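A.B. asks: Okay, sequence plus prediction incoming.
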Amino acid sequence: MRWHIPLDNSQYDDRHSLTDTHAAVAGFAAFLLKKADVKAHPEIVALAFWFRQANLVKISESIPFEGHGKKVKRVFHIAPANVDTVFMYSVLLSVLCANQNIVRVSQRSGEVTWLLVSLLREYLKTSEGQMLAPLISVVEYDAKYVSVTEKLSGWCDLRVLWGGDEAISAVSSIAPNTAQISFPDRYSVTLLQLDNNSDIKSIAGKFLTDLLPFTQQACSSPKAIYWLDTQPEYQQLFWKAVESRISQLTHQFETSHKVSQHILLQRLSAGLGLVLIQEIGSKPVSFAQVQNVGPIAHCKVKSLTAEILAAHDGNGLVIEKDIVSSREIAFSYKLQTISYAVTGELTTPEGKFKRMVPLGKSLEFAQVWDGVDLLGEFW
């Protein structure tokens with residue numbers, strides 16, 4: 001075990017003033033935004049912006065009055081390895097409810113996680129952040145040390161699990177009587193409709209805002225584009241705009257992700273029957289025939305199922321499907337987000353999914369996530 005931020009019980013008082021706690025959380029957001037090295041990481045900027053004072057005022061409206069039926073005081077969070085900032089949203093929301101928190105981070109966590117932990121540690125030593133020191137601690141250990149997870153699960157009133165289905169199932173079997181909320185594997189898609197009046201450059205930029213962070217591995221990152229009544233010429237203009245815009249942006253995609261894209265295509269083709277088609281004539285072609293746009297690969301398919309999308313693990317592959325109705329989307333309980341940009345008013349599709357947001361808003365967090373009211377759970 002390695003404690004990046006040790007647990008400090010010496011100053012913990014569950015009678016913390018919620019007003020003071022909120023001020024300290026807003027102070028952390030402001031602290032992040034002032035750091036030069038944060039500017040290169042839009043996911044941290046988004047986190048800080050979400051916890052700014054103006055938004056905390058809105059969030060606070062959902063928190064019960066102090067002392068009103070509070071059941072939770074200690075929360076154990078298990079962070080995912082592939083989405084670097086998501087754990088901090090749940091931790092800070094729990095802090096807003098004056099809870100003491102332990103976060104387990106994975107040894108496989110990326111650069112952004114370690115930068116965020118380092119900046120948090122720095123902030124907790126400031127006069128403004130000091131009051132949060134007893135409320136947040138961060139530990140790193142290998143998941144194979146089940147006894148540690150069991151002990152921390154026994155310490156808490158509530159366990160919050162972020163990660164894949166298998167990882168969540170494994171943790172759920174440890175101290176199974178522990179109260180728990182979990183956020184397992186999900187997939188998300190984009191619905192686009194373009195015509196001569198569409199601002200294609202803007203739409204392409206918003207699409208990249210949803211796609212690029214976390215190398216397309218977040219549950220809310222779009223894995224596919226459904227083209228709703230959109231002619232091929234507009235689709236081609238869209239990809240040209242994507243290519244132009246992506247060359248101006250920083251991202252975490254590397255050469256290895258290109259290899260992963262082709263491995264994924266082979267796996268989806270061999271195991272789940274994915275069939276690519278040509279743009280003209282919709283003729284079946286080799287599964288390896290994709291179009292490359294910088295680090296992104298995209299391909300049109302004959303059919304697209306929920307099973308295929310659930311098996312899609314990101315890395316910059318965008319699957320495309322032409323449709324004439326939103327009813328053709330692959331709905332399932334695993335479909336989290338539908339982001340959209342259409343030419344007219346969009347009727348909410350009928351089918352199972354968690355939320356629908358305008359294009360460019362997929363990765364924006366909400367206190368009700370996957371249908372779970374986090375503030376309600378943390379109180």
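C.D. replies: On my side now, so go ahead.

A.B. asks: Wait, Thr178 touches Ser153, no?
C.D. replies: Yes: using Cβ atoms under 8 Å, Thr178 and Ser153 qualify as a contacting pair, with a distance of 4.5 Å. The way it works is simple: take the backbone N, C-alpha and C, and place the C-beta from them, glycine included.

A.B. asks: Show me the common contact partners of these two, please.
C.D. replies: Arg159 (Cβ atoms under 8 Å, 6 or more residues apart in numbering).

A.B. asks: Tell me the buried residues in stretch 33-40?
C.D. replies: In terms of neighbour count (16 or more other Cβ atoms under 10 Å), stretch 33-40 has its buried residues at Lys35, Val38.

A.B. asks: Other residues contacting that stretch?
C.D. replies: Stretch 33-40 is contacted by residues Leu32, Ile44, Val45, Ala48, Phe49, Arg52, Leu115, Leu119, Thr250 when judged by Cβ under 8 Å, 6+ apart.

A.B. asks: Could I get the CA-only coordinates of it as CSV?
C.D. replies: Taking Å, rounded to 0.1, in the frame of the first residue of the first chain, the C-alpha atoms of stretch 33-40 are listed here in CSV:
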residue,chain,number,x,y,z
LEU,A,33,-7.6,26.9,-12.7
LYS,A,34,-4.6,29.0,-11.7
LYS,A,35,-2.1,26.2,-12.3
ALA,A,36,-0.2,26.5,-15.6
ASP,A,37,0.3,22.7,-16.0
VAL,A,38,-3.5,22.2,-15.8
LYS,A,39,-4.2,24.1,-19.0
ALA,A,40,-2.8,21.2,-21.1
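
A.B. asks: Looking at that stretch now, give me its mean pLDDT.
C.D. replies: When pLDDT is averaged over stretch 33-40, the result is 92.

A.B. asks: same question, stretch 91-106
C.D. replies: For stretch 91-106, the mean confidence score works out to 95.

A.B. asks: Phi and psi next, for the most centrally placed residue in the chain.
C.D. replies: The centroid of the chain falls nearest to Ala218 when counting by Cα atoms, centre = their mean (4.2 Å). The phi/psi pair for Ala218 (degrees, to the nearest 10) reads phi -70, psi 150.

A.B. asks: And for it, nearest residue in space, chain neighbours not counted?
C.D. replies: Among residues not flanking Ala218 along the chain, Val83 sits closest, at 4.7 Å (Cβ to Cβ, 6 or more residues apart in numbering).

A.B. asks: burial count for that neighbour?
C.D. replies: As a burial measure, Val83 scores 25 neighbours (other Cβ atoms under 10 Å).
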